[in-house]
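J.: Kindly generate the corresponding structure for this input.
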Amino acid sequence: MKNRFRHLIAALALLVPVAGFANTAPALEKAPIDIRDVESLQRGAHTFTNYCLSCHSASFMRFNRLQDLSLTEAQIKENLMFTTDKIGDTMNAAMSSKDAAQWFGAAPPDLTIIARSRGADYLYAYMRGFYRDETRPTGWNNTVFDKAGMPHILWEWQGEQRMQVVKDKNGHEEHKLVLTKPGTMTKIVDGKADTADYDRRAADLVNYMVYMAEPVQTKRHQIGAMVILFLSLVLLPLAYFLKKEYWKDVH
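T.: Residues are numbered from 1 along each chain as shown. Next comes the predicted model:
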């Protein structure tokens, strides 16, 4: 009995530093996504196929599935596919895994279900968290993925951010990202960075990746709502009257 008690205490002690470490993780901003927004999904699909598919694959997603986003086969072929792809093909990277491993040190991961494994908030922070770091081989680092091997593929839109030490209103110093070179979707107004346009485009990309991880999610929600409605309007009254009939002779 004493041995069991000591083992329990040791197990609880091991959990303490883990819990403490988890509490130190930075809070992530809520990603403004809505998989019912078809236009956002279309913009996100365009960004994904034209930028992300250069290095990353989405090998469990087929191009023709994009027709669920109100896109015609002709639109998909013209805007979202490489010339060598066919409409029924899966989304494979344009770059070979061998070249990727040679250039980046490791083959970029498949992104089909990255939104389910990492979460939308993480991806949203990741796409907005790149900053210049000359110590890295690619010249870029990331606030949520330190020493990331991926370069900032959308830097022309966002511009260049740098990690700088700034003081808050109380005089306390903190590390903060500062936009030092605006991109085509960002600008500096009255000394402050306006990144709203780029943030929306990043949200569109994350929105599409959430959809891609589970394309039937919207339909599943609709079916769930119909089931709840059926249970409420049909089975609930039947159950009520059955209960009254069963208990009518019980006093």
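J.: Check which residues of the stretch of helix or strand W103 belongs to are buried.
T.: Element membership for W103, per DSSP states H and E: helix 97-104. For helix 97-104, the neighbour count (16 or more other C-beta atoms under 10 Å) marks A100, F104 as buried. C-beta: built from backbone N, CA, C; applies to glycine.
J.: chain center to that helix, what's the gap?
T.: Centroid displacement of helix 97-104 relative to its chain, using C-alpha atoms, centre = their mean, to the nearest Å, is 24 Å.
J.: Check which element follows it along the chain.
T.: helix 114-118.
J.: now for that next one, which elements pack on it?
T.: helix 120-128, helix 196-213 (3 or more C-beta pairs under 8 Å, 6 or more residues apart in numbering; DSSP states H and E).
J.: could these go into CSV alongside mean neighbour count and distance to T138?
T.: CSV is the format used below for the helices and strands packed on helix 114-118 (neighbours: other C-beta atoms under 10 Å; distance: least, C-beta to C-beta, whole Å):
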stretch, mean neighbour count, distance to T138
helix 120-128, 21, 15
helix 196-213, 22, 19
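J.: Can you check which of those helices gets nearest to E73?
T.: helix 196-213 (18.4 Å; C-beta to C-beta).
J.: now the closest one: mean pLDDT?
T.: On average, the pLDDT along helix 196-213 is 97.
J.: Use 634 as the first number for this chain going forward.
T.: In the new numbering, first residue 634, that becomes helix 829-846.
J.: The protein: helices as residue ranges?
T.: For the chain, the helices defined by DSSP state H cover 635-656, 671-683, 706-712, 730-737, 747-751, 753-761, 788-791, 829-846, 850-863, 869-880.
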